[in-house]
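Peer 1: A structural model of the following input is requested.
(one chain, ligands or ions: 1)
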Amino acid sequence: MSERPLVQMSNLVKEFPVTGGIFQRQIATVNAVAGVDLSINRGETVGLVGESGCGKSTLGRMLVRLLEPTSGTIVFDGEDITHIKGKKLKPFRRRAQIIFQDPYSSLDPRTQVGNSIAEGLKLHGVSNSDERQERVTKMLELVGLEGHHAGRFPHEFSGGQRQRIGLARALVLEPDFVVADEPVSALDVSVQAQVLNLLKELQSELNLTLLFVAHNLAVVEHISDRVAVMYLGRIAEITDRESLYRNPLHPYTEALLSAIPIPDPDRPRNRTILQGEVPSPIDPPSGCFFHPRCPIAVKGLCDVEVPSLQQSETSADHLASCHVRTGSYKHQDSSK
Ligand code: SF4
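Peer 2: Residues are numbered from 1 along each chain as shown. You can find the predicted model right below:
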């Protein structure tokens, strides 16, 4: 029998009200996450990719309970944590942490970084200050800094070093699950690779289960076991890394892949240029959310029926939300 996933979400939805007028009444709803089913296995890294505003960060924040889901369920290690509060939330917080995109804004500029890292330990009952100091030193060394850096302030570090401090802060409680929310997007390209490699090393050393959120497929390629592509609050496609990069099914994944720069300018490539902008999550299109931009949309089907996340014809582990590419609609799709 296969081991149960560490994190399992079912039909997860997050809506935000939009208010307006003198009385600040609700005038619309932002459908940030529109029904996501996804499991993350123990020790696995899942890359979650999509354009800005597709709901990926909202999803990550719900998983660590920084945001309350509107509906659906989140099961963590066999326990339904969708709406846990108060005392029940504390042990969960120790096991599930988040790394933010901008470590500078998540660190208090007037607090020495050692104290920022130790904060979580204090909150979770490590009352002995020597023990806290020892664990902070160990953690700083683990992320490639030095113990004496604990006495410095955030502005004394470079962007890459600050993200290392962000990693130390998230990992000091020895969590099982970490959401890394665009952890390298604010860094220079040269530093990105260092932080990614470090995260990969730490993931395997500490046997972490990781959800790595990014807006670019190139960033998650080397770190992910599986990759999920998100579009307007729904999962468009999910499969193992190799299948996704070699044999993408969803037209949106193809477009994202074709946008990754390749180092050899003479190598031919088929670029898929997407038409139009990402539609508003306040008023998403009918049927398949991607149909207004999809080069192979079928009129009368894609604009009417919502495609469900289905297995492909060739692999039970390769799922896509597409009437055409999952074989539920047979037509002369010459592009595949
Ligand atoms: Fe394109 Fe239709 Fe597939 Fe949506 S369901 S991705 S519109 S072909």
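Peer 1: how about residues contacting the lengthiest helix in the chain?
Peer 2: Ranked by residue count under DSSP state H, the longest helix found in the chain is helix 189-205. If you take CB atoms under 8 Å, 6 or more residues apart in numbering as the criterion, helix 189-205 is touched by 45, 142-144, 158-160, 163-164, 167, 171, 180, 183-184, 187, 208, 210, 212, 219, 222-223. To be clear about C-beta, it is placed using only N, CA and C from the backbone, and glycine gets the same treatment.
Peer 1: residue in the stretch 101-250 of the chain nearest to the ligand?
Peer 2: The ligand sits closest to H250 of the stretch 101-250 of the chain, with a gap of 5.8 Å, by CB to the nearest ligand atom.
Peer 1: does stretch 214-231 reach the ligand?
Peer 2: No: using CB under 6 Å from any ligand atom, we find that stretch 214-231 stays clear of the ligand, coming within 8.7 Å at best.
Peer 1: any idea of the mean pLDDT for that stretch?
Peer 2: Mean per-residue pLDDT for stretch 214-231: 93.
Peer 1: what does stretch 289-308 give?
Peer 2: 95.
Peer 1: need the contact partners of that stretch.
Peer 2: Contacts for stretch 289-308 (CB under 8 Å, 6+ apart): 34, 231-234, 236, 250-252, 272, 274-276, 279, 285-288, 321-324, 326, 328-329, 331, 333, 335.
Peer 1: repeat for stretch 129-141
Peer 2: With CB under 8 Å, 6+ apart as the criterion, stretch 129-141 contacts 114, 117-118, 121-122, 126, 146-147, 149-150, 165, 168, 171-172.
Peer 1: if we use 10 Å, what do you get?
Peer 2: 113-122, 126, 128, 145-150, 164-165, 167-174 (CB atoms under 10 Å, 6 or more residues apart in numbering).
Peer 1: one step back: got a ChimeraX select line for the buried ones in the contacts of helix 189-205?
Peer 2: A single ChimeraX command selects the buried members of those (16 or more other CB atoms under 10 Å):
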select :45,142,143,159,160,163,164,167,171,180,183,184,187,208,210,212,219,223
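Peer 1: confidence-wise, which helix or strand of this protein is lowest on average?
Peer 2: helix 103-106 (a mean of 77; mean pLDDT, DSSP states H and E).
Peer 1: and that helix, what does it pack against?
Peer 2: Applying 3 or more CB pairs under 10 Å, 6 or more residues apart in numbering; DSSP states H and E, we find helix 103-106 packed against helix 113-123, helix 159-171.
Peer 1: before we move on, back to that, show me which of the contacts of stretch 129-141 are buried.
Peer 2: Counted by 16+ other CB under 10 Å, these give 113-114, 116-118, 120-121, 145, 149-150, 164-165, 167-173 as buried.
Peer 1: what does the protein put close to the ligand?
Peer 2: Within the chain, the positions near the ligand by CB under 6 Å from any ligand atom are 250-251, 288, 290-291, 294, 296-298, 302, 307, 322-325.
Peer 1: quick check: the farthest pair among the residues you listed?
Peer 2: Farthest pair in these (CB to CB) is H250 and V298. Separation: 14.5 Å.
Peer 1: neighbour-wise, which of the two wins?
Peer 2: Neighbours around H250 and V298, counted as other CB atoms under 10 Å, are more numerous at H250. The numbers are 26 against 18.
Peer 1: for that one, which non-adjacent residue is spatially closest?
Peer 2: E237 (4.1 Å; CB to CB, 6 or more residues apart in numbering).
Peer 1: was I right about that neighbour contacting R325?
Peer 2: Yes: the pair E237 and R325 qualifies as a contact (CB atoms under 10 Å) at a distance of 8.7 Å.
Peer 1: neighbour count: the two, which is higher?
Peer 2: E237 (29 against 24).
Peer 1: how far away is the more buried one from K138?
Peer 2: For E237, the distance to K138 equals 40 Å [CB to CB, to the nearest Å].
Peer 1: before we move on, what about R271?
Peer 2: As judged by CB to CB, R271 and K138 stand 48 Å apart.
Peer 1: center of the protein - which residue?
Peer 2: Note on the chain: the residue nearest the mean C-alpha position is V213, at 2.7 Å, using CA atoms, centre = their mean.
Peer 1: hang on, that residue in a strand?
Peer 2: Yes: if the criterion is DSSP: H, G, I helix; E, B strand; the rest coil, then V213 is within a strand.
Peer 1: identify the bridge partners of it.
Peer 2: L48, D181 (DSSP bridges).
Peer 1: report the backbone C-alpha coordinates of stretch 29-44 in CSV.
Peer 2: Below are the C-alpha coordinates for stretch 29-44, written out as CSV (Å, rounded to 0.1, in the frame of the first residue of the first chain):
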residue,chain,number,x,y,z
THR,A,29,-15.8,38.4,-5.9
VAL,A,30,-12.3,37.6,-6.8
ASN,A,31,-12.0,33.8,-7.5
ALA,A,32,-8.4,33.5,-6.5
VAL,A,33,-8.4,29.7,-6.2
ALA,A,34,-11.2,28.0,-8.0
GLY,A,35,-11.3,24.3,-6.8
VAL,A,36,-7.9,22.7,-6.6
ASP,A,37,-7.3,19.0,-5.9
LEU,A,38,-3.6,18.3,-5.2
SER,A,39,-1.6,15.9,-3.0
ILE,A,40,2.0,16.3,-2.0
ASN,A,41,3.9,13.2,-0.9
ARG,A,42,6.4,13.1,2.0
GLY,A,43,9.9,14.2,1.0
GLU,A,44,8.6,15.4,-2.4
